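Asks: Got a predicted structure plus its sequence, pasted below:
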Amino acid sequence: MTSFVLKIIAMITMFIDHFGLAIFKYTTHMNVIGRIAFPIFAFQITQGYEHTKNLKKYFFRLFIFALISQIPFMLFSSIFTKEFGLNIFFTLMVGLFVIFIYDKICNSSHPLVVNRFADSFIKHLLAIMIAILLGILAQVCKFDYGFFGIAIILLFYILKDNKLLMAICFSLACIIKYAINIGLYGYHYLYILLCLFTILPIVFICLYNKKQGKKVKYLLYFFYPVHLLVLYLIFGLHS
C-alpha cells in the first residue's frame, strides 16, 4: 500500500466514526470502524518525520492546522458532549516533537558517561522519560487520544525497521489501553470490538510499500476541519 492509500483508508474510517457520533451521539459500531483511522495517522507522522525536507515547516504546518481545526472540533464535539479537549493535530504535533527529541538525544555524539553501553542506555531512558512526561501532559490537557496517541507515535518510530515487533508491541499497547477502560468503566462487548479494530490497521501499516503514490499533501489537512464543520452544520446547529 502507498502512503496515499493509507491516507484514504484513514480519512474514510475517520468520517464514518464522526458521522456515527453526529447521528447517534454515543458509541456505536460506526465508531468501532473509526478506530482504524488514528493508528494510520500516527504512523504517517513517523514517515513524515523521516522524509520531510524542512522539519520546522512541518511543525509549523501542524500547528497552524491545529489552530484552524480547534473551533470546528469544539463545535462538532458540542453535538454529543459538554467536555472539550484539543484536536488531533495537537496530538500529532506533540508526537512529532517527541520523535524529534528521542532522535536528538539517542543519536547525540556527546557522551553522558564513559561506558558506551551505559551511555546508550541512559540516553534512551532519558528520551523515553521525556516522552512519558509529554504523554502525561497530553492526557491531562485532553488531547485527542491523549497518552496513548503520543505513545504509539513513538512506538511506530522506534520499531520502524522491525514490522513484526512493531505489530506485537502495538497490539499489546491496544490491549492494555482497553483493559484499563474495562477496569475503570466496567465490561462491555464494544470495548473488545474497539480494541480489535484499533489493532486492525497494523495490517495496512505492515503492507506499506514506502511509496508516496498520488500527491495529496494538503488533502488531510483541510479534510479534517472541513468535515467536522459540515457535520456540525448538518447535525448540531439546530440540536
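Replies: Ah, there it is.

Asks: okay, CA-based contacts and neighbour counts for the rest of this
Replies: Noted.

Asks: neighbouring contacts of stretch 3-19?
Replies: Among residues not part of stretch 3-19, those counted as contacts by CA atoms under 8 Å, 6 or more residues apart in numbering are 30-38, 40-41, 44, 204-205, 208, 210-216, 220, 223, 227-228, 231.

Asks: Show me just the buried residues among these.
Replies: Neighbour counting by 16 or more other CA atoms under 10 Å classes 30-38, 40-41, 44, 205, 227-228, 231 among the contacts of stretch 3-19 as buried.

Asks: Quickly name whichever of those residues is closest to Ile175.
Replies: Within these, proximity to Ile175 (CA to CA) peaks at Arg35, which comes in at 13.4 Å.

Asks: For Pro225, list the residues it contacts.
Replies: Applying CA under 8 Å, 6+ apart to Pro225 gives the contacts 68-70, 72-73.

Asks: can you rerun that using 6 Å?
Replies: For Pro225, the set of contacting residues under the criterion of CA atoms under 6 Å, 6 or more residues apart in numbering consists of 69, 72.

Asks: From the contacts of stretch 3-19, which land in helices?
Replies: Of the positions in the contacts of stretch 3-19, 30-34, 37-38, 40-41, 44, 204-205, 220, 223, 227-228, 231 sit in helices, assigned by DSSP state H.

Asks: now stretch 193-203: how far from the chain's centre is it?
Replies: Shown here is stretch 193-203, whose average C-alpha point lies 14 Å from the average C-alpha point of the whole chain (CA atoms, centre = their mean, to the nearest Å).

Asks: quick one: average pLDDT of that stretch?
Replies: With pLDDT averaged residue by residue, stretch 193-203 scores 98.

Asks: do the same with stretch 158-170
Replies: Stretch 158-170 shows a mean pLDDT of 96.

Asks: For that stretch, list every residue counted as buried.
Replies: Of all the residues in stretch 158-170, those buried under the rule 16+ other CA under 10 Å are 160, 163, 166-167, 169-170.

Asks: In helices only, show me the residues you listed.
Replies: Among the buried residues of stretch 158-170, the subset assigned to helices under DSSP H consists of 163, 166-167, 169-170.

Asks: between those residues, which is closest to Ile105?
Replies: Using CA to CA, these come closest to Ile105 at Met166, 21.5 Å.

Asks: Could you measure from that closest one over to Phe43?
Replies: 11 Å (CA to CA, to the nearest Å).

Asks: quick one, phi psi at the closest residue to Leu126 other than its chain neighbours?
Replies: Across the structure, with CA to CA, 6 or more residues apart in numbering as the measure, the residue nearest Leu126 apart from its sequence neighbours is Ile105 (7.9 Å). For Ile105, the backbone dihedrals are phi -70, psi -50 (criterion: degrees, to the nearest 10).

Asks: Just give me the residue closest to the centre of this structure.
Replies: What sits nearest the mean C-alpha location of the chain, by CA atoms, centre = their mean, is Ala42, with 3.9 Å.

Asks: how far does the helix or strand of the chain at the bottom of the mean pLDDT ranking sit from the chain's center?
Replies: Comparing helices and strands within the chain by mean pLDDT, DSSP states H and E singles out helix 116-140 as the least confident, with a mean of 91. On the basis of CA atoms, centre = their mean, the separation between the geometric centre of helix 116-140 and that of its chain is 19 Å.

Asks: Begin at 29, not 1, for the rest of this chat.
Replies: In the new count, where the first residue is 29, that last one comes out as helix 144-168.

Asks: Give me the contact list for the next helix or strand after it.
Replies: Stepping forward along the backbone from helix 144-168, the first helix or strand reached (DSSP states H and E) is helix 174-186. Contacts of helix 174-186 from elsewhere in the structure, counted by CA under 6 Å, 6+ apart, are 70, 74, 123, 127, 163-164, 166-167.
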